[in-house]
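# Model the structure of this input:
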Amino acid sequence: MIWYILSGLIFLLGLRTLGKNLQSWQIREYRFDRMRAWLQTKDGRGAFVPWFYRGVFPRPKFSGRIFMILVGIFFIGGFYVSHISGSDDYVGFCSDIISGEIISCNQEQDKNSKIFPLLLLWERTIWLQVLFGVWVTKLPVWLGRQRLFGKARKIIQNSDENITRIGITGSYGKSSTKEILVHLLESHFGKEQVRYNPANNNTEVAVARLILKNQVFFKTPEIPNPSLSGRQEVRNDKKKFFVCEMGAYRKGEIKTMCDYVLPHQGLVTGLNQQHIELFGSQRNIQEGKFEVAEAATDKVFFNSDNALTAEIFNDREVEATK
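Sure, this is the predicted structure:
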């Protein structure tokens, strides 16, 4: 009986550990660089203390990648089940159960005594199983991202010519600058004429999904014209704006967003050492944020009072409005 109780307790703790690991990876967008940086913090180091992290039952938001990782862990679990059964053949073990094979009490007690250490091993290696699942799913996720970005770019390339696309980035002040700008545009042109990414949804995937979600906004409206059999496309003279906050942890990520957002105007708020452990150096931060200025086709605005921002703009040839 004691083995049943201990094994049940470890199994429940294992589910909690699994939820914590999946949640930790999901919060950091399954990025190895962000996970490595987090593990160097006090909170990250605490994740190695068995069972004493915060949260009654931490769990991630369900997604396709979470599903793929869980499927992988399920198959790994089959390895443990086959050993718990005392058989090297998992399928054969299942067949024995189905056929109703009778096991003696001594055999049953001996088998139950093996469950606890194997479940404990399973629970203590969940981090490794999740790590393997994150690594294995990198390729299908990358392919899915490229397909998503391609769809977003196609929508933007065929978008209404009256839409002005504005990219905003920087180490700080991105969200507040975006909110102020959106408020001014909505007050002057109307809420229906403005789209933007809410809160801090400023990653490559979040921005691309936002574009797909607002396909109708980006389309040139078609107004029936009786004189031309009702098929004539009539231009909409109303100005529209897409204000896009862009966040990044490495060089090239803002460029990826700009490749499908195709901003007309760029705005760099200010630069500091935020995420320097991920960018690698202060210069990488400057060049990474400057990617929005390189992509802008009309105007570029920047904070000339910020020394790091002024430095990168002074080093490059770009038509900018201070």
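# Show me where this protein has its strands.
Secondary structure of the chain (DSSP state E): strands at 163-169, 194-196, 240-245, 265-268, 299-302.
# Highest mean neighbour count out of those strands?
Neighbour counts (mean count of other CB atoms under 10 Å) averaged over each of the strands of the chain peak at strand 265-268, with a mean of 26. Placement of C-beta: from N, CA and C, glycine included.
# Contacts for that strand next, please.
Applying CB atoms under 8 Å, 6 or more residues apart in numbering, the contact partners of strand 265-268 are 164-170, 177, 289-290, 292-293, 295-296, 298-303, 309, 313.
# that older thread, out of the strands of the chain, nearest to Phe149?
With distances scored as CB to CB, the stretch of the strands of the chain nearest to Phe149 is strand 240-245 (13.8 Å).
# So in the chain, where's the weakest helix or strand by average pLDDT?
Least confident helix or strand, the chain: helix 90-99 with a mean of 43, by mean pLDDT, DSSP states H and E.
# Find the nearest non-adjacent residue to Leu22, please.
Leaving out its chain neighbours, the residue that sits closest to Leu22 by CB to CB, 6 or more residues apart in numbering is Pro60, at 4.4 Å.
# Stretch 262-279: end-to-end distance?
23 Å (CA to CA, to the nearest Å).
# Same question for stretch 20-33.
18 Å.
# where in the stretch 201-322 of the chain is pLDDT low?
222-237, 317-322 (pLDDT under 70).
# What are the boundaries of the helices in the stretch 201-322 of the chain?
204-213, 215-218, 253-261, 276-279, 282-295, 307-315 (DSSP state H, counting those that start in this stretch).
# As JSON lines, those helices with distance to Leu184 and mean neighbour count would be great.
Converted to JSON lines, the helices of the stretch 201-322 of the chain look like this (distance: least, CB to CB, whole Å; neighbours: other CB atoms under 10 Å):
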{"stretch": "helix 204-213", "distance to Leu184": "20", "mean neighbour count": "18"}
{"stretch": "helix 215-218", "distance to Leu184": "19", "mean neighbour count": "14"}
{"stretch": "helix 253-261", "distance to Leu184": "20", "mean neighbour count": "21"}
{"stretch": "helix 276-279", "distance to Leu184": "31", "mean neighbour count": "16"}
{"stretch": "helix 282-295", "distance to Leu184": "20", "mean neighbour count": "21"}
{"stretch": "helix 307-315", "distance to Leu184": "22", "mean neighbour count": "16"}
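# Turn these into CSV, including distance to Phe52.
As requested, these are arranged in CSV below (distance: least, CB to CB, whole Å):
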stretch, distance to Phe52
helix 204-213, 33
helix 215-218, 47
helix 253-261, 35
helix 276-279, 26
helix 282-295, 36
helix 307-315, 41
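# Just give me how far the lengthiest helix in the chain sits from the chain centre.
With secondary structure taken from DSSP state H, the chain has its longest helix at helix 2-27. The chain centroid and the centroid of helix 2-27 are separated by 24 Å under CA atoms, centre = their mean, to the nearest Å.
# same question, stretch 134-151
Using CA atoms, centre = their mean, the offset of stretch 134-151 from its chain centre is 11 Å.
# Just the residues contacting that stretch, thanks.
Contacts of stretch 134-151 (CB under 8 Å, 6+ apart): 25, 30, 32, 64-65, 68-69, 72, 204-205, 208-209, 212, 256, 259-260.
# tell me which of those residues is nearest to Arg153?
Tyr260 (3.7 Å).
# Quick one: low-confidence residue ranges for the stretch 51-200 of the chain.
77-114.
# all helices of it, in order?
64-84, 90-99, 105-124, 126-136, 138-157, 174-189.
# circling back to that earlier point, in the contacts of stretch 134-151, find the pair that's most separated.
Between any two of the contacts of stretch 134-151 (CB to CB), the greatest distance is 31.7 Å, for Gly72 and Asp259.
# Which residues are in contact with the residue positioned nearest the centre of the chain?
The chain has Glu29 as the residue nearest its centroid, 4.0 Å off, counting by CA atoms, centre = their mean. Glu29 is in contact with Thr203, counting by CB under 8 Å, 6+ apart.
# what's the answer for the one 4 residues further on, then?
Neighbour list for Asp33: 249-250, 278 [criterion: CB under 8 Å, 6+ apart].
# 7 Å instead?
By CB atoms under 7 Å, 6 or more residues apart in numbering, the contact set of Asp33 is 249, 278.
# Which pLDDT does the model give it?
Here, the pLDDT recorded for Asp33 equals 89.
# Near the residue nearest to Leu22, how many other residues are there?
Pro60: 18 surrounding residues under other CB atoms under 10 Å.
# you'd agree Ile66 is up against Gly19?
No - with contact defined as CB atoms under 7 Å, Ile66 does not reach Gly19; the gap is 10.3 Å.
# For the two, indicate the residue with more neighbours.
Set Ile66 next to Gly19 and count neighbours by other CB under 10 Å: Ile66 wins out with 19 against 16.
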